[in-house]
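# Sequence unavailable; structure follows:
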C-alpha cells in the first residue's frame, strides 16, 4: 500500500472565511478525502506542527509527499527542506501543487527561480492533454475545465520538463505548462498547476483523479535497487596500468 | 567579443610538484593559453583572491564562466555561489570541468547530489561522440582518446541531460556521460568530464577545441530578449470576469 | 552564406483570388522577400516544376529547406520525399511551416501521424515564448499576436519535441505546441505553426524574424565532422578474444 | 493479463547448427520460456507464417509486441509493417531487440537511418544503469555483464531517446546507448541492445528480467483514454469571430 503524506501550510483556511467555507477540513483534508477511495495509507502534516509534521520517522514512512504552500514558504525550516530533498533523491515521490512552485523544496530541486506571472480574476482555465498515453493522464479526456481559477502564465522559469502532460488555456489570454514531470536522483517529481485556495479545485473529480494518478506514478518501486553513493575509489573491473587506486 | 572568465581553485598547482610541472601557470593559465587563439576576451579568477576574484563587476562583465574546482569546494563562499547562480539564470554561460561536478554552483543548479564513482589509475579514456551535429562536437571525429585520466563512472546523479554529446569508455571497465548540456533560466550549462590535475589534459588540442566550442555555444545572444521576473499581478489580455486582479 | 530553398505547393495562390491578393508572388515569394534583408542565398521551388524543383543539384546546394504544403501532400513524389529525408539526415536543416505538419517529408521524419485538430474561424492567436534564451526566440518579446489565423489544437501527434519554444493560445479555447525542434541524423528540424494561406501571416515581421532565426539555427556547421555510415565490421580498438571480426 | 506476441524472423536457428544448439526452440521460444513465469498471455509469430503471423486479429489482441530480426528485414511485407506501426501509434507497446534496430518497423517509427558500427569478436559487454529508478531497471544492480556478445558502437543514428537507461562498455573499446525509450502516438517503444544469435543472451536471467520489465512498462493502460484522430473542423469552445468553421 502506497504511503502518502499530504503537507499543507494550513494558513488561509484558518484566517479567511471564504477559504474556510470551501475547505472546512483544510486543503490537506480535502485532498485526503479525495484520495481516500483509492486505497492509500494517508496522513497529513502542517506547518505549525513540530518539525512541520515532517519528522524523520514520517519522512521515512512516506512513499509520496504531496505539498501545498503559498504565502508561508519562508517559514519552512531549511533543515526540514534539506531532509525532504534528500528523501526525494533517495526515491520518495514529490507532488508540488499550485503555488508550491515557489516552495523552498521545489526550487531547491529545480535549481531555477521557478517564477511565473499570475492573476486572480475568477477566470476560466481549460487544461489540454498533450501526452494522452502518460499514466498521469489516465482517465482524462482531451481536456477538462475549471470554471474559476487563478491564472499562471509563461514564462515559467523551470528546467525543461522531462515530460509535459498538460498545457492550460486561460480566459485572460495566457497559456501555462500545467503538468510537468522531473526525475531527481531516484525520486519522481510531478508539478500540477491548479489549486488556488479561493476556488473549490480540490473538490473537482478530474483534479483528484490526476493527483491520484500522480501518486501511483511517483511512488517508488519496492523492487528497484536503491542507488547508494559510492565511498572511496572504485576498484577496477578490468586490468589498469596502476591497479592500486590513488587518492584523487 | 565573448568575455570569458576562467575560475580555478588553484591549490594543487601550488602544493604538488607533479601538478606544478604540468601546469606551471595553473590550470586556469593553461586553459587561457588554449583559448587564446580563438579571439575571446579572457580573464582568470582564483579562490584566494578577494571575493574569489568574482566581484559583481567581474560577473557582470562575464559572458561565459569556466569553473575548475576539486578539494576546496567547501571554501567557496555561499554568497558568491548565489551570485554566480543568479547570473547563470540571467543568461551567463557556465562550463563545469571535471571535478566541478561537485562544486557548490553546479550542485545548486542541478538540484541533485551530483555524485559518481571514481578511480585514479593512469588508465585510458576514450570519448565517443553521440551527437555529431551538435555545435560542441564541431571538428571532433567519431571519438578521441586521452592516454591517462582519472576514471569517473556511472551512476552519475544528475538530472537527465537535455543533450548528451560525449560518452566515455574507460580501460578499467566503466562508462560515463562525459558531455552534457542543461538550460537553467536563460543560462546554458555545459558539463565536460576530463581534466584531472595530474594529467596534461588541458594541453590536449581536442579537449581545448571542445571547451572553445562550449564557450561559443554557452555565450548569451546579445539580441535575445532578457527574461524579467514579473512583479505584481499580470493584467488580463482578454476580457475576464473580474478585471481588477485581486491579491493572490 | 547560408543557402536557403523555399518550397511551396503553390496551388491556392493560383486558384483563389483572396489568397492571390495576399500573396501575389506566392507564399514562397513572400517568404523570400521577408528573408531577403538577412543576407541568405535564396531560391524557391514549387510542386509543378520538374522534380518539384528539388533536383539532386538543388538539394546538394541547399543548407536549409523551408516547406509549405497543404492540400497537395499526396502529389509529392515518394522518390523526392526520400531524397529530401536523406539530405536532412546528412545535415540539411528543414523548416516545416503550418500545414506542412502533414507533409510526407515531415511525417516520415517524425514516424507519427502528425494529426491535430483545426478550425478556420478568423480567430486571434497569441504565441507565448516558453524558452526565451533559445536562438529561435531571439528578438521576440514574452508573446506576440496574430489577429486572425487558423486554429490548430492539441493533441498534436508528434514525438516529444527536443525543445519547445512557442505555445499558442487561441481565442476559441485551444492551445498548441507551435514551435518545436527535433534532430534527425545530422539534420535540425524546426516546426513552426502559423501561416494559413488566407491570412497575411508571412507579412508579419515577428513571424519572419522567427523563420530567419530558424534558418540560422538549422543551418549545418561547415566545420562539423559529417557522420558517415560505417561499412563492414569495425576493427577493435582494444584487445578482443577473437580479433578477426566475423560476419554478423 | 498483458498479452505479449514475440516475433522472430526464425532463420539462423534453422540454418546454423551453432545457433540451433543455443536456441533449440528458436529465439522466440527462448524468450517465451524466459517470460513464462511472469504471468503474461504469450504467443509467438515468425516470418514464414502467413502474414508473418501478424494477422489483424493477432495485432488487435497484442498489448506488447517483441521483435527480433536480423538478416531478413527486407522480406517483411510493407503492408504488415504499416499495420504494426499503426498499432503502435494506437497504443501497442513495441520492444525492439538487438539487430531489430534495423527492422523496417523500428526505422519507420524513428525516422532515422538507425545505423551503428558492429563487430562479432566474442568480446565482453558490461551494461551500466544510468537511470536506476526507471521501471525497466527494476531489480538490476549498478551493472551486469555478458561474457560474450556482438559489439554495437556509437554513433547510433536514432532520435535523442526520451529516456536512456543502459549504456554498454565493450572490451574492444566502444560504448553504446543500449537501453532507450521512445513514445510514438500512444505507444511506448523500448530498444534493448543485447541478443546476437550465436550467444546464449536470452538465457541470461538479467536480460530476461529487463525484457519482462519492458513488457510491463510498455503495456497500454486499459483505463487510458485512447487518442482518436479528429475528423472535420473542431467546434469552437469560446466565442470566435466566424463561428461557422470554414473548410481549411
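Received it, and whenever you're ready, just let me know what you need. Remember, predicted model here, so these are calculated numbers, not experimental data. Numbering: from 1, shown residues only, chains lettered A, B, ... in the order given.

# does the longest helix that chain A contains come close to chain D?
Scanning chain A for the helix with the most residues, using DSSP state H, yields helix A:205-218. No: judged by C-beta under 8 Å from any C-beta of the partner chain, helix A:205-218 stays clear of chain D, getting no closer than 9.4 Å. (C-beta placed from N, C-alpha, C; glycine too.)

# Mind listing residues that contact that helix?
Helix A:205-218 has contacts (C-beta atoms under 8 Å, 6 or more residues apart in numbering or on different chains) with A:2, A:4, A:31, A:34-35, A:38, A:40, A:64, A:66, A:93-95, A:97, A:135-140, A:144, A:146, A:166, A:179, A:181, A:187-190, A:192, A:194-195, A:201-202.

# Just the buried ones out of those, please.
A:2, A:4, A:31, A:34-35, A:38, A:40, A:64, A:66, A:93-95, A:97, A:135-138, A:140, A:144, A:146, A:166, A:179, A:181, A:187-190, A:192, A:194-195, A:201-202 (16 or more other C-beta atoms under 10 Å in any protein chain shown).

# Can you narrow the residues you listed down to the ones near chain D?
A:135, A:137-138, A:140, A:187-188.

# farthest pair in those?
Pairwise distances across those peak at 23.9 Å for A:140 and A:187 (criterion: C-beta to C-beta).

# of all the residues in chain A, which ones are close to chain D?
A:91, A:126, A:131-133, A:135, A:137-142, A:162-163, A:171, A:183, A:185-188, A:220-221, A:223-227, A:237-238.

# cutoff 6 Å now
For chain A, the contact set with chain D under C-beta under 6 Å from any C-beta of the partner chain comprises A:132-133, A:138-139, A:141, A:186, A:221, A:223-225, A:227.

# Nearest to residue C:24 among those residues?
Nearest to residue C:24 among those, with distances taken as C-beta to C-beta, is residue A:132, at 42.1 Å.

# is it true that the closest one touches residue D:227?
Yes: Residue A:132 is in contact with residue D:227 according to C-beta atoms under 6 Å; the separation is 4.6 Å.

# Show me the common contact partners of those two, please.
Common contact partners of residue A:132 and residue D:227 (C-beta atoms under 6 Å, 6 or more residues apart in numbering or on different chains): residue C:155.

# list the contacts for residue A:125?
A:146, A:149, A:168, A:170.

# Filter those down to just the ones in strands.
Using DSSP state E, the subset of the contacts of residue A:125 located in strands is A:146, A:149, A:168, A:170.

# where in chain A is pLDDT low?
Scanning chain A with the threshold set as pLDDT under 70 gives A:245-248.

# circling back: filter the contacts of helix A:205-218 down to the ones in strands?
A:4, A:64, A:66, A:93-95, A:97, A:144, A:146, A:166, A:179, A:181, A:187-190, A:192.

# To what extent is residue A:162 buried, counted in neighbours?
17 (other C-beta atoms under 10 Å in any protein chain shown).

# Please work out the angle formed by the directions of the longest strand anywhere in chain A and strand A:187-192.
When chain A is parsed with DSSP E, its longest strand is strand A:117-129. Here strand A:117-129 points in a direction 100 degrees away from that of strand A:187-192 (axes from the mean of the first three to the mean of the last three C-alpha atoms, to 10 degrees).

# All the helices of chain A, in order from the start?
A:12-15, A:17-22, A:26-35, A:56-60, A:78-89, A:104-110, A:205-218.

# Put together a markdown table for the ones you listed, with distance to residue B:27 on each row.
Shown next, in a markdown table, are the helices of chain A (distance: least, C-beta to C-beta, whole Å):
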| stretch | distance to residue B:27 |
| --- | --- |
| helix A:12-15 | 53 |
| helix A:17-22 | 57 |
| helix A:26-35 | 52 |
| helix A:56-60 | 41 |
| helix A:78-89 | 30 |
| helix A:104-110 | 30 |
| helix A:205-218 | 42 |
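
# nearest to residue D:74, of the ones in strands among the contacts of residue A:125?
residue A:168 (47.3 Å).

# these two touch, right, that closest one and residue A:124?
No: the pair residue A:168 / residue A:124 is not scored as a contact, 10.2 Å apart, by C-beta under 6 Å.

# Comparing those two, which shows the higher neighbour count?
residue A:168 (26 against 19).

# Return the residues in contact with the more buried one.
A:125, A:127, A:176, A:178.

# if you set the cut-off to 8 Å instead, what comes out?
Residue A:168 neighbours (C-beta under 8 Å, 6+ apart): A:125-128, A:152, A:174-176, A:178, A:193, C:175.

# about what we covered before: please state the offset of the longest strand of chain A from the chain centre?
From the chain centre to the centre of strand A:117-129 is a distance of 19 Å (C-alpha atoms, centre = their mean, to the nearest Å).

# Quick check: buried residues in it?
A:117-129.

# ok, now which ones touch residue A:1?
Residue A:1 neighbours (C-beta under 8 Å, 6+ apart): A:39-41.

# my guess is residue A:178 contacts residue A:193, does it?
Yes: counting by C-beta atoms under 8 Å, residue A:178 touches residue A:193, with 3.7 Å between them.

# Which of these two has more residues huddled nearby?
residue A:193 (27 against 24).

# Is it correct that residue A:241 is in contact with residue B:119?
No: between residue A:241 and residue B:119 there is no contact, the gap being 11.5 Å when judged by C-beta under 8 Å.

# which bits of chain A sit near chain C?
Residues of chain A lying near chain C (C-beta under 8 Å from any C-beta): A:126, A:128-132, A:142-143, A:153-156, A:160, A:163-164, A:167-170, A:173-175, A:177.

# Specify the angle between the longest strand of chain A and helix A:205-218 in degrees.
80 degrees.

# Just the buried residues out of the residues of chain A next to chain C, in ChimeraX syntax.
Listed next is the ChimeraX selection for buried residues among the residues of chain A next to chain C, using 16+ other C-beta under 10 Å:
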select /A:126,128,129,130,131,132,142,143,153,154,155,156,160,163,164,167,168,169,170,173,174,175,177
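
# For the closest residue to residue A:83 other than its chain neighbours, grab the count of nearby residues.
Counting by C-beta to C-beta, 6 or more residues apart in numbering or on different chains, residue A:59 is the residue found nearest to residue A:83 once chain neighbours are left out, at 6.0 Å. Residues lying near residue A:59 (other C-beta under 10 Å) number 20.

# Show the contacting residues for the residue of chain A positioned farthest from its centre.
No residue in chain A sits farther from the centre than residue A:241, which is 47.9 Å out by C-alpha atoms, centre = their mean. Residues in contact with residue A:241 (C-beta under 8 Å, 6+ apart) are B:121-123, B:148, B:171.

# Check the gap between it and residue B:199 for me.
Distance, residue A:241 to residue B:199, by C-beta to C-beta, to the nearest Å: 12 Å.

# Can you pull the residues that touch both of those two?
residue B:148.
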